[in-house]
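Undergrad: Okay, here's the prediction I keep looking at, along with the sequence it came from:
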Amino acid sequence: MDKYSVLSKYFGFGTFREGQQELVDAALAGRDALGIMPTGAGKSVCFQVPAMMMEGVTLVISPLISLMKDQVTSLNQCGISSACINTSLTLQERKVIMMKALKGEYKILYVAPERLSTQKFIEFCKKIRVSMVCVDEAHCVSQWGHDFRPAYLLIKDFIASLSPRPVVTAFTATATRKVREDIVSLVGLDNPVSVVTGFDRKNLYFEVVKPPDKETALKRYLDLFSGRSGIVYCSSRKKVEELYNMLCEEKYSVTKYHAGLDKEERRINQELFINDEKEIVIATNAFGMGIDKSNVSFVIHYNMPGDIESYYQEAGRAGRDGSAADCIMLYGGRDVAIQRYFIDNPEENEELSDEQRKQIRQLRLQKLDKMIEYASGRYCLRHYMLQYFGEMATGRCENCSGCLGVSMSTDVTVEAQKIFSCIKRVKEKETADAVADILKGEESEYILLKKLNTVSTFGIMKDSDKNQIRLHIEYFCEHGYIGCDPEGRLCLKEKSKDVLYSGKRIRKQIVRPTSKSTADKPDIRLFMALKVLRKELARKGGIPDFIIFTDLTLKELATRKPVTEKDFMAIEGVSAAKYKKYGRFFIDLIQKHCNNTIEKNGI
């Protein structure tokens, strides 16, 4: 069976996508390979197709149990015998899988990098024929990446322990040039065929907004995206809980996910979202790389992440099936303080030296500066990200708020002087809310209790909208005039002195984004009926809906209405195994729908 037959039989595709064939050919020729391909570009096919054509087993090193589970479920649905070995299995279950592997019953095995350090697993791998080792999410090997995982450093020595040496492939969605160089060196790739297909996800619309009230803005977007599956990312567990409770009270279809929940609750909540029983998940970045859900049509970042890599990877979980999707960031000045706090108070990692910690801190500060620049929204957002990853981009994409917004400039020097003076008068001990109340002249309970109505700046901006005062404060925080500690207290930075004492002017560039929701809700009766059928079949099989067919495949079915095996098999995403399991159910529904339409129209 050649590579095209494998692609068609097991995956239901007639042709390879950009970059896939070159990487497949490299592996089949015994060459190491490195693939840098955006989320949704089909990285898995690049090692799964050659795995089916090679003798022996392909070992896939993957960072998350949930990612392994979804991949294995999907492969087995396609007729590819595969399994994973991880800590979610009992000792007896792991023994059974290893015995079957020794008998040659699997083509693909998934393992976590930490397992590579166990002598028992190394001895097991020496007894089976490992034809290829695939390193998924390979950016984790680099301390200059955004998800550095020390266990990935075990991979090179593990590969060296295998004889004969297998083909080695590595894949990731987001990697700067430095990270790509690290992957080649630290994984031990031997003169690899390198393919960088480009980072552009043309189906994604990017938007940055700076709302005076994030909760109100969030609900506005969720109402706009009603009926669609989406993720809302927050920077802290506390914020996840706050938003979850608020949205539950207002009857949104929502669940939550963060590392503070116990293992079973995380599993249940994740499955509620994966199986479309809840439309929205509110999560920290703990809800990460393992989420292989094709019909996510929007991702909202309630807080700005710390770097472009994290943002692009998280936002990229929208539109995996190629459908149009929305990626929205709700940005505020407090976000910068939160990320700087995380940088100054990192999680302890005993495997790092003091010098490495110092270097990583400096690098994270540099990355944060780039993230802040992106969030300012003064550019074509897509092109800014592409250039960050080293990809040339010219012109405007016309599919982001930077391109579609209305830009203007205004002098805000007087406003700055009033705000800076107020922060100084309260001895840099008050939050943005308190400063805004003082300037507005509002006699709240807190203001009266602290006697802040007696400071000389009380009421000097009484004619201004308080939300606008807050936006000014956030702007000055963003541009380095004001600082903010983790408790939200404002302080003046060195740059503010030039405005207060030296006559420096500040002109504020304003971008007013025009929201453009490019992802249309399905409105075809057949498409909706196909989704209902898919859900019924998925529940019976105990698998997520998208494992059967993606939304994109259902849309094509609803458009082309195939009623024969030949026509049905011509639909992208329909493999032989899936047709055998599900084809007749969908054809019967399509036929019934077509007959009803004919009768209704009197044809």
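TA: Arrived safely. Numbering: from 1, shown residues only.

Undergrad: So, low pLDDT: which residues of the stretch 301-450 of the chain?
TA: Residue ranges of the stretch 301-450 of the chain with pLDDT under 70: 348-352, 377, 406-409.

Undergrad: again, 80 this time
TA: 321-322, 333, 346-354, 356-357, 377-379, 392-395, 404-410 (pLDDT under 80).

Undergrad: Low-confidence ranges, the stretch 101-250 of the chain, go.
TA: Applying pLDDT under 80 to the stretch 101-250 of the chain picks out residues 143-148, 174-175, 198, 212.

Undergrad: Which parts of it are helices?
TA: Counting by DSSP state H, counting those that start in this stretch, the segments of the stretch 101-250 of the chain that form helices are 119-127, 155-160, 177-187, 214-224, 237-249.

Undergrad: Okay, strands next: where are they in the stretch 151-300 of the chain?
TA: 167-172, 193-196, 204-209, 229-233, 254-257, 280-283, 296-301 (DSSP state E, counting those that start in this stretch).

Undergrad: could I get these as CSV with mean neighbour count and distance to residue 144?
TA: To be clear about C-beta, it is placed using only N, CA and C from the backbone, and glycine gets the same treatment. Below are the strands of the stretch 151-300 of the chain laid out as CSV (neighbours: other Cβ atoms under 10 Å; distance: least, Cβ to Cβ, whole Å):
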stretch, mean neighbour count, distance to residue 144
strand 167-172, 27, 13
strand 193-196, 18, 17
strand 204-209, 24, 24
strand 229-233, 24, 23
strand 254-257, 24, 28
strand 280-283, 26, 26
strand 296-301, 24, 23
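
Undergrad: would you turn the ones you listed into a markdown table with distance to residue 139?
TA: Listed next are those as a markdown table, based on distance: least, Cβ to Cβ, whole Å:
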| stretch | distance to residue 139 |
| --- | --- |
| strand 167-172 | 4 |
| strand 193-196 | 13 |
| strand 204-209 | 20 |
| strand 229-233 | 19 |
| strand 254-257 | 22 |
| strand 280-283 | 20 |
| strand 296-301 | 19 |
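
Undergrad: ok so, going back, so which of the helices of the stretch 101-250 of the chain comes closest to residue 334?
TA: helix 214-224 (9.5 Å; Cβ to Cβ).

Undergrad: which residues are contacting the closest one?
TA: 209, 211, 230, 232, 243, 246-247, 250, 252, 280, 298, 300, 302, 328, 330, 332, 515, 517 (Cβ atoms under 8 Å, 6 or more residues apart in numbering).

Undergrad: Next: stretch 357-377.
TA: Residues external to stretch 357-377 that are found in contact with it (Cβ under 8 Å, 6+ apart): 143-144, 146, 148, 208, 210, 304-309, 311, 329, 331, 335-336, 339-340, 343-344, 346, 349, 352, 381, 384-385, 388, 401-402, 405, 478, 509, 511, 513.

Undergrad: Distance of residue 464 relative to residue 320?
TA: 44 Å (Cβ to Cβ, to the nearest Å).

Undergrad: what about those two, which has more around it?
TA: A count of neighbours by other Cβ atoms under 10 Å puts residue 320 above the other of residue 464 and residue 320, at 24 against 15.

Undergrad: does the more buried one sit in a helix, a strand or a coil?
TA: Using DSSP: H, G, I helix; E, B strand; the rest coil, the structure places residue 320 in coil.

Undergrad: Thought residue 231 was touching it, still the case?
TA: No: taking Cβ atoms under 8 Å as the definition, residue 320 is not a contact partner of residue 231, at 11.7 Å.

Undergrad: Who are the contact partners of the residue nearest to residue 13 when sequence neighbours are not counted?
TA: Using Cβ to Cβ, 6 or more residues apart in numbering and skipping residues adjacent in sequence, the residue nearest residue 13 is residue 7, 5.2 Å away. By Cβ under 8 Å, 6+ apart, the contact list for residue 7 reads 13-16, 45, 49.

Undergrad: Counting only helices, which of those make the cut?
TA: In helices, defined here by DSSP state H, the members of those are 45, 49.

Undergrad: Export the contacts of residue 7 as TSV, with columns for pLDDT and neighbour count.
TA: Below are the contacts of residue 7 laid out as TSV (pLDDT from 0 to 100; neighbours: other Cβ atoms under 10 Å):
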residue	pLDDT	neighbour count
13	85	18
14	84	12
15	88	10
16	92	19
45	92	20
49	95	25
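
Undergrad: Between the contacts of residue 7, which sits nearest residue 412?
TA: Looking across those and measuring by Cβ to Cβ, the closest to residue 412 is residue 45, at 51.9 Å.

Undergrad: Looks like the closest one contacts residue 12 (just checking).
TA: No: Residue 45 is beyond contact range of residue 12, at 10.9 Å (criterion: Cβ under 8 Å).

Undergrad: hang on, the earlier thing: what residues are shared contacts of residue 320 and residue 231?
TA: Counting by Cβ under 8 Å, 6+ apart, the residues touching both residue 320 and residue 231 are residue 296.

Undergrad: How many neighbouring residues does residue 202 have?
TA: Neighbours around residue 202, by other Cβ under 10 Å: 12.

Undergrad: List the buried residues in the longest helix seen in the chain.
TA: The longest helix of the chain (DSSP H) is helix 354-375. By neighbour count on 16 or more other Cβ atoms under 10 Å, the buried set for helix 354-375 is 360, 363-364, 367-368, 371-372, 374-375.

Undergrad: Between helix 177-187 and it, find me the angle.
TA: Angle, helix 354-375 to helix 177-187, by axes from the mean of the first three to the mean of the last three Cα atoms, to 10 degrees: 140 degrees.

Undergrad: At the geometric centre of this protein, which residue do we find?
TA: Nearest residue to the geometric centre of the chain (Cα atoms, centre = their mean): residue 314, 1.6 Å.

Undergrad: and the residue lying closest to that one once chain neighbours are set aside, what does it touch?
TA: Sequence neighbours aside, residue 233 is the residue nearest to residue 314 in space, at 5.7 Å (criterion: Cβ to Cβ, 6+ apart). Neighbouring residues of residue 233 by Cβ under 8 Å, 6+ apart: 283-285, 287, 299-303, 305, 314.

Undergrad: per-domain residue ranges of the chain.
TA: 3-196, 204-405, 411-510, 525-601 (automatic domain parsing).

Undergrad: Show which residues not belonging to the one helix or strand residue 95 maps to make contact with it.
TA: For residue 95, the host element (DSSP states H and E) is helix 91-102. Applying Cβ under 8 Å, 6+ apart, the external contacts of helix 91-102 come out as 57, 83-85, 89, 106, 109, 124, 127-128.
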